[in-house]
Every structure is written in C-alpha cells, then in structure tokens.
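**Student:** how does the following fold in three dimensions:
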Amino acid sequence: IKKFGMTHYRNLLRSHGIQVTLITRDVLTPYSGMLPGCLAGMYSYDQIHLDLRRLCAFANVRLIHASAVEISCGNWKVSKHRSSNHISINGDNDDDDDDDVLR
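**Tutor:** This next block holds a predicted model:
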C-alpha cells in the first residue's frame, strides 16, 4: 500500500482512473517482521502495529473497515450489511441502498 502513495505510482493510477480499495476487518495490523521481537519483549504492541487508516490516507487508498464474507468473481459490487460489520461481494442484492460499487 505504501508504494501507492509514492508519486510515480500515484500518478500512474490516477492517469488510468484506478482507485485502489482495501477491505480489512482490522485497522491495526502487526508488522510480521517484528513479531518475534514482540514475543521476546523487545517491542510493545504499539510499536509493531501499523495503522491502516493512516497508511491508506497517505496512499490515497479507499479503506473499507469490514469483513468480506463472499466474493463473486466477475462482479464488482460490495454490499455492506448494516446489522454487522460484514460486507458481501456479489450481485444478489441490487436493491440494497447501502452498496458501494468498485470500478
């Protein structure tokens, strides 16, 4: 994601009209290379976790904080369920008012 924030990549994506979207259940994610150091007591929780909100803001990546529960290849519709923190990626809920279409 960090590369998308660099000028060359940002301009390349923009010139082709591409919007990158990250769908993630957790907005704080551990940096795997630092996990052994955390287990050994060398790093704290805050030191090893990346804030995906900040990273996506830097890279101009759209962040959807939810869980993907179904993916239908060939269809770019993402439906967010209001009653939970889940999204569904399929074409079965065209009448849902809370849809985001990824293009």
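**Student:** per-residue pLDDT, the spatially closest residue to residue 26 that is not a sequence neighbour?
**Tutor:** Take residue 26 and drop its neighbours on the chain: the residue closest to it by Cβ to Cβ, 6 or more residues apart in numbering is residue 52, 7.7 Å away. The way it works is simple: take the backbone N, C-alpha and C, and place the C-beta from them, glycine included. pLDDT recorded at residue 52 is 93.
**Student:** ok, now the one 10 residues further on?
**Tutor:** In this model, residue 62 is scored at 89, pLDDT.
**Student:** what distance do you get for it to residue 56?
**Tutor:** In this view, residue 62 and residue 56 are 7 Å apart by Cβ to Cβ, to the nearest Å.
**Student:** where are the low-confidence patches of the chain?
**Tutor:** Along the chain, the model assigns pLDDT under 70 to residues 70-73, 75-103.
**Student:** where do the helices of it begin and end?
**Tutor:** 7-15, 35-39, 45-48, 52-59 (DSSP state H).
**Student:** quick check: angle from the first one to helix 52-59?
**Tutor:** Just to be clear, that refers to helix 7-15. Calculated by axes from the mean of the first three to the mean of the last three Cα atoms, to 10 degrees, helix 7-15 forms an angle of 80 degrees with helix 52-59.
**Student:** thinking again about what came up before, name the residues contacting each of residue 62 and residue 56.
**Tutor:** The contact sets of residue 62 and residue 56 overlap at residue 22 (Cβ atoms under 8 Å, 6 or more residues apart in numbering).
**Student:** when those two are compared, which one has more neighbours?
**Tutor:** Legend: neighbour count by other Cβ atoms under 10 Å for residue 62 and residue 56, higher for residue 56 (21 against 13).
**Student:** show me what the closest residue to the more buried one other than its chain neighbours is bridged to.
**Tutor:** The shortest distance from residue 56 to any non-neighbouring residue, by Cβ to Cβ, 6+ apart, is to residue 63 (4.2 Å). Beta bridges link residue 63 to residue 22 when assigned by DSSP bridges.
**Student:** now swap in the one 5 residues further on and tell me
**Tutor:** Note on residue 68: beta-bridge partners residue 87, judged by DSSP bridges.
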